[in-house]
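Colleague: Structure for this input, please:
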Amino acid sequence: MSDTVPIKHPIGLTSGDFAEADEPLRLFSAWMEEATSREPADPNAMALATVDADGMPDVRMVLLKGADERGFVFYSNTESPKGRELDENPKAALVFHWKSLSRQMRVRGPVEPVSPAEADEYFASRAKLSQIGAWASKQSAPLEIRLAFEKAIALYTAKYALGPVPRPPNWSGYRVVPLAIEFWQDRPFRLHDRIEFRREKLGAAWSKTRLYP
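Modeller: Numbering: from 1, shown residues only. Next up, the predicted model:
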């Protein structure tokens, strides 16, 4: 895990405006802003769930690297299991769990690739060793010995010793377009607050439903 995501926080909503919120994205921004100041590590960490070709669910932690009205963005090696699964079935679910705030948020929706320009811009913002690592790592493939990976790192470090490191062709970003977002707030005795927002498609109006704990 690494840096938190820079997100623009719309004005006019605080993290306490839970029941009063009439759309989810401003509430998410307010919750993320508070998590960024209070969560001790990686407030932008989120569980990403996908499904493989056999219908078997798969889940792992990734880092949110952008969020706006279009959706929630993360980056990955596109030849990794998650990349292959999203290529075959471009739908996903996310879970944010801010334990220190006793809150979580769930997201479900289709997934689309970010533009090459977006991927280039984010890749250029990464630390150089992280850029080198993207070239050196065959993400999730079997690694017989650690030394093989270290040799690959040394090779690409020498290759890109001077000048900027280009983005690998098999490294890019994905955007989860939210069609359902649920906010969960802990309450004593497990009498939690839950509010779910749903919409038919991007740009459509959100409907809001309070759920039993």
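Colleague: For the residue positioned nearest the centre of the chain, give me phi and psi.
Modeller: Nearest residue to the geometric centre of the chain (Cα atoms, centre = their mean): Leu64, 3.2 Å. When read as degrees, to the nearest 10, the backbone of Leu64 gives phi -70, psi 130.
Colleague: ditto for Ala21
Modeller: phi -60, psi 140.
Colleague: what's it in contact with, if anything?
Modeller: 13, 27, 183, 195, 208 (Cβ atoms under 8 Å, 6 or more residues apart in numbering). The C-beta positions use only the backbone N, C-alpha and C, and glycine is treated the same way.
Colleague: And for Arg70?
Modeller: 175, 177, 202.
Colleague: 10 Å instead, please
Modeller: Each residue near Arg70 by Cβ atoms under 10 Å, 6 or more residues apart in numbering is listed here: 25, 112, 114, 175-178, 202-203.
Colleague: Put the alpha carbons of stretch 162-182 into PDB.
Modeller: Taking Å, rounded to 0.1, in the frame of the first residue of the first chain, the C-alpha atoms of stretch 162-182 are listed here in PDB:
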ATOM      1  CA  LEU A 162      18.200   8.400 -17.700                       C
ATOM      2  CA  GLY A 163      15.100  10.200 -18.600                       C
ATOM      3  CA  PRO A 164      11.400   9.300 -17.800                       C
ATOM      4  CA  VAL A 165      10.200   5.800 -17.500                       C
ATOM      5  CA  PRO A 166       7.500   5.000 -20.000                       C
ATOM      6  CA  ARG A 167       4.300   3.200 -19.000                       C
ATOM      7  CA  PRO A 168       4.400  -0.500 -19.700                       C
ATOM      8  CA  PRO A 169       1.900  -1.600 -22.400                       C
ATOM      9  CA  ASN A 170       0.300  -4.100 -20.000                       C
ATOM     10  CA  TRP A 171      -0.200  -1.600 -17.100                       C
ATOM     11  CA  SER A 172      -3.200   0.600 -17.000                       C
ATOM     12  CA  GLY A 173      -6.300   1.600 -15.000                       C
ATOM     13  CA  TYR A 174      -9.800   0.600 -14.500                       C
ATOM     14  CA  ARG A 175     -12.900   2.600 -13.500                       C
ATOM     15  CA  VAL A 176     -15.700   1.000 -11.500                       C
ATOM     16  CA  VAL A 177     -18.900   2.900 -12.600                       C
ATOM     17  CA  PRO A 178     -21.200   2.900  -9.500                       C
ATOM     18  CA  LEU A 179     -24.700   1.800 -10.000                       C
ATOM     19  CA  ALA A 180     -25.200   0.800  -6.300                       C
ATOM     20  CA  ILE A 181     -23.500   2.400  -3.300                       C
ATOM     21  CA  GLU A 182     -24.200   1.500   0.300                       C
END
